[in-house]
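Colleague: 3D model of this:
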Amino acid sequence: MPVSSTNKPAVSSVKKKAAMPVRRGSGSPKSEPSGKVKGVVDQSVQFLREVKVELKKVAWPSRKQTLGSTAVVLILVFIISAFLGVVDMGLSSLVRLVLQ
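Modeller: Prediction:
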């Protein structure tokens, strides 16, 4: 099937201007606009407000659930560390036997 010339993407005749490099440190010592700093502060305050709203939506676990989960984690850590210790001692003694 022949390709028609109408399927070609349109080429824009508008040329983009090259970005001018930003000069820092030129001009007066107070070259930082106060509006820019205020904008950052406003964005930070808005972010913290949204964090507070989202944290109110969290379903926090009860003290009993937290203690139960902590106990499970500690027991599993103990079991896994004991297993890895036994495997390490076994492999160490095996390597010693092979090297002698």
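Colleague: Name all residues that make contact with Leu99.
Modeller: For Leu99, no contacting residues are found, by C-beta atoms under 8 Å, 6 or more residues apart in numbering. In this view, the C-beta of every residue, glycine as well, is placed from N, C-alpha and C.
Colleague: how close does it get to Ser44?
Modeller: Separation of Leu99 from Ser44 (C-beta to C-beta, to the nearest Å): 61 Å.
Colleague: Equivalent analysis for Met89, please.
Modeller: Met89 is 54 Å from Ser44, by C-beta to C-beta.
Colleague: Check the secondary structure at Trp60 for me.
Modeller: Secondary structure, DSSP: H, G, I helix; E, B strand; the rest coil: Trp60 is coil.
Colleague: Residues in contact with stretch 35-46: which ones?
Modeller: Counting by C-beta under 8 Å, 6+ apart, no residue outside stretch 35-46 touches it.
Colleague: Just the buried residues of it, please?
Modeller: Using 16 or more other C-beta atoms under 10 Å as the burial criterion, none of the residues of stretch 35-46 qualify.
Colleague: So in the protein, which helix runs the longest?
Modeller: helix 63-99 (DSSP state H).
Colleague: ok, Val37 to Val58 distance?
Modeller: 32 Å.
Colleague: same thing with Gln46?
Modeller: In this view, Gln46 and Val58 are 20 Å apart by C-beta to C-beta.
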